[in-house]
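Asker: I would like the atomic coordinates for the input below:
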Amino acid sequence: MKVFDSHCHLDDPQFDPDREDAYGRMRAANVEKCVCVGSDLPTSIRCLEFAKSHPGVYAAVGVHPHEAKDAPADMEERLVSLMAREGAVALGEIGLDYHYDFSPRDVQMDVMARQFSLALEKDWPVIYHIREAHGDMLAFFRKQKRLPAGVIHCFSGSAETAKEYVKMGFYISFAGPLTFKKAPNLWEAARTVPVDRLLVETDSPYLAPEPYRGKRNEPAFVVRTLEKLAEIREMPVEEMAEITWRNAHTFYRIG
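Answerer: Numbers count the residues shown, from 1 in each chain. Coordinates of the predicted model:
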C-alpha cells in the first residue's frame with residue numbers, strides 16, 4: 001500500500017530537532033510521497049530545498065492569508081521564479097482565514113486574488129486555505145469566468161459546501177479532524193465527495209489525528225486519516241490508498 005500526504009509543513013521549526021527522523025518514519029509507514037507547502041516566500045524556499053534533497057517530497061509555494069500583510073510588492077515575480085525550480089508542483093497555500101484575522105480581511109482578499117490571477121495565467125494547480133470564510137470564497141469563485149485546478153485543503157465545511165466546491169471542479173482534502181470522535185459534519189462531507197476528488201493530508205505539524213490528538217503531527221500519521229476515510233466510505237483501506245494516491249498525482253501533475 002502506497003500513501004500520499006497531499007499537504008504538510010516539514011519545513012516548520014517544530015521539526016528542527018528530528019526532521020530527518022520524521023522523513024524516515026514517513027517512508028517506513030508507506031507514505032511514499034508528500035507535498036511540503038509554503039506559507040510565505042522564505043518557507044516556500046525551505047520547502048523547495050527540502051524537496052530537492054529528499055525523494056518523494058514535492059513543494060508548493062505561496063503566501064498564506066496569515067502572512068498576506070507582509071506580501072512583497074514583487075510577490076508575483078518571485079513566485080514565478082520559485083515555481084520554475086525543481087520540485088515545485090503547485091501554488092499555495094493561499095486563501096482566506098477569518099478565524100484569526102492575522103491579516104486584515106481586505107488585504108487577505110487582495111493577496112489571494114493576485115495569486116489566483118497568476119495561477120490562472122500560468123495554469124498552475126492551487127492549494128486553498130479557507131477557514132470560516134467559505135461564503136466570501138465561494139462568492140469570489142462564482143464571479144470568475146475560469147478557475148485554475150484547485151484543492152480545498154484541510155476541509156472544515158459542511159457537506160453542502162463540499163458539494164459546491166466539487167461542482168466548481170475542486171478536489172477536497174481531509175486531515176486529522178476527520179478522525180475526531182465528534183465530527184459528524186465532516187463525516188457527512190466525506191461521504192458526499194466523489195471518489196475521484198478525494199485527497200488525504202496531515203497539515204503537520206498541526207491537527208494530529210486520533211490517537212495522536214494533542215501531539216505534534218507528522219506525515220506518517222496520514223495513514224490514520226486514510227483509514228477513517230476508508231471506514232466512512234465503506235471500502236478497504238488499500239482501495240482508498242490507491243484512489244487518493246492516484247488523485248494526488250493527477251492534481252499535482254506528478255508522473
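Asker: so where do the strands sit in this structure?
Answerer: For the chain, the strands defined by DSSP state E cover 3-8, 31-37, 57-61, 88-97, 126-131, 150-152, 171-174, 198-200.
Asker: Export the ones you listed to JSON lines and append columns for mean neighbour count, mean pLDDT and distance to residue 81.
Answerer: Every residue, glycine included, has its C-beta placed from N, CA and C. Output for those, formatted as JSON lines (neighbours: other Cβ atoms under 10 Å; pLDDT from 0 to 100; distance: least, Cβ to Cβ, whole Å):
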{"stretch": "strand 3-8", "mean neighbour count": "29", "mean pLDDT": "98", "distance to residue 81": "23"}
{"stretch": "strand 31-37", "mean neighbour count": "26", "mean pLDDT": "98", "distance to residue 81": "18"}
{"stretch": "strand 57-61", "mean neighbour count": "27", "mean pLDDT": "98", "distance to residue 81": "9"}
{"stretch": "strand 88-97", "mean neighbour count": "25", "mean pLDDT": "98", "distance to residue 81": "10"}
{"stretch": "strand 126-131", "mean neighbour count": "25", "mean pLDDT": "98", "distance to residue 81": "18"}
{"stretch": "strand 150-152", "mean neighbour count": "27", "mean pLDDT": "98", "distance to residue 81": "22"}
{"stretch": "strand 171-174", "mean neighbour count": "27", "mean pLDDT": "98", "distance to residue 81": "26"}
{"stretch": "strand 198-200", "mean neighbour count": "27", "mean pLDDT": "98", "distance to residue 81": "27"}
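Asker: how far does stretch 140-147 stretch from start to finish?
Answerer: End-to-end distance for stretch 140-147, by Cα to Cα, to the nearest Å: 11 Å.
Asker: tell me the mean pLDDT over that stretch?
Answerer: The average pLDDT within stretch 140-147 is 98.
Asker: Just the residues contacting that stretch, thanks.
Answerer: Taking contacts as Cβ atoms under 8 Å, 6 or more residues apart in numbering, the residues outside stretch 140-147 that touch it are 109, 112, 113, 116, 120, 168, 169, 170.
Asker: Could I have the buried ones of the residues you listed as PyMOL selection syntax?
Answerer: Those of the contacts of stretch 140-147 that count as buried under 16 or more other Cβ atoms under 10 Å are selected in PyMOL with:
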select buried, resi 109+112+116+170
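Asker: In TSV: the contacts of stretch 140-147, plus pLDDT and distance to residue 43.
Answerer: Shown next, in TSV, are those (pLDDT from 0 to 100; distance: Cβ to Cβ, whole Å):
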residue	pLDDT	distance to residue 43
109	98	21
112	98	17
113	98	21
116	98	20
120	98	23
168	98	28
169	98	28
170	98	24
